[in-house]
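Participant: Predicted model and sequence follow; I will ask about them next.
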Amino acid sequence: MIQTLHKKFDFLLGFTQPFHLVFVYLSISQTTKNVVITMKTVATAILAIALQAVTLAQDSSVDPRLEANIGAEAITLKENNPDYYNFLIYELNESYFVTSETPDPGVKQEVYSISRIKDAEGNEFNESVLENSETFNFKAYNFKRTHDNRVLYELSDGRYLVFYTLKEVKENYKKK
């Protein structure tokens, strides 16, 4: 009888070994009708757990730049401290701009050449990453930033990558 039941319900189990063991155990201790009900309950519970896992995975998605910067802590921040998480995303998006205007001598600033910028592996900065502000992660490079002075980096085409002061970033975030 167990073999008959086993063959009868193989299609429900997806031919996976752990379920076969559960099925055999249940079929020994239950009648045919109860086994079917129990297996439906087990299958429903597994489906519910899988759906919940997918939902949690979608809810815990974080900005990949932030995840690259601080690792799994980004997920914890998003869940437990969403305001700080949002500030960090704002900082990645709004801390800089690219301009072709010459530096304003009336603004406190420091000007550097982009050629001295490198990533963590020592690779030179590739200016093409500036083309997509949603993926540009300035924290992956050794850019200098200060509290009171804007920092400018002269690009090869004569434009400037300008970083707002840390003070400006915080004030602008509070205004938004």
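Facilitator: Yep, it's here. Here the structure is a predicted model, which is why all the values come from computation and not from measurement.
Participant: make it CA atoms for all contacts and neighbour counts henceforth
Facilitator: Will do.
Participant: With adjacent residues omitted, what lies nearest to residue 84?
Facilitator: Excluding its sequence neighbours, the residue lying closest to residue 84 (Cα to Cα, 6 or more residues apart in numbering) is residue 77, at 7.2 Å.
Participant: got the contact list for residue 161?
Facilitator: When contacts are counted by Cα atoms under 8 Å, 6 or more residues apart in numbering, residue 161 touches 96-99, 152-155.
Participant: Please identify the helix or strand for the nearest residue to it once chain neighbours are set aside.
Facilitator: Spatial nearest neighbour of residue 161, chain neighbours left out: residue 98 (4.6 Å); criterion: Cα to Cα, 6+ apart. Here residue 98, judged by DSSP states H and E, is contained in strand 96-99.
Participant: Pull out the buried residues from the next helix or strand after that strand.
Facilitator: Sequence-wise, the next helix or strand downstream of strand 96-99 (DSSP H and E) is strand 109-113. By neighbour count with 16 or more other Cα atoms under 10 Å, strand 109-113 contains the buried residues 109-110, 112.
Participant: Mind listing residues that contact strand 109-113?
Facilitator: By Cα under 8 Å, 6+ apart, the list of residues contacting strand 109-113 reads 149-155.
Participant: what pLDDT, on average, does that strand get?
Facilitator: Averaging pLDDT along strand 109-113 yields 93.
Participant: State the paired neighbours of that strand in the sheet, together with their directions.
Facilitator: strand 150-154 (parallel) (DSSP bridges).
Participant: Let me see the domain layout of this protein.
Facilitator: 2-59, 62-94, 96-175 (automatic domain parsing).
Participant: From the buried residues of strand 109-113, pick the one nearest residue 170.
Facilitator: Taking Cα to Cα as the measure, residue 170 sits nearest to residue 109 out of those, at 17.5 Å.
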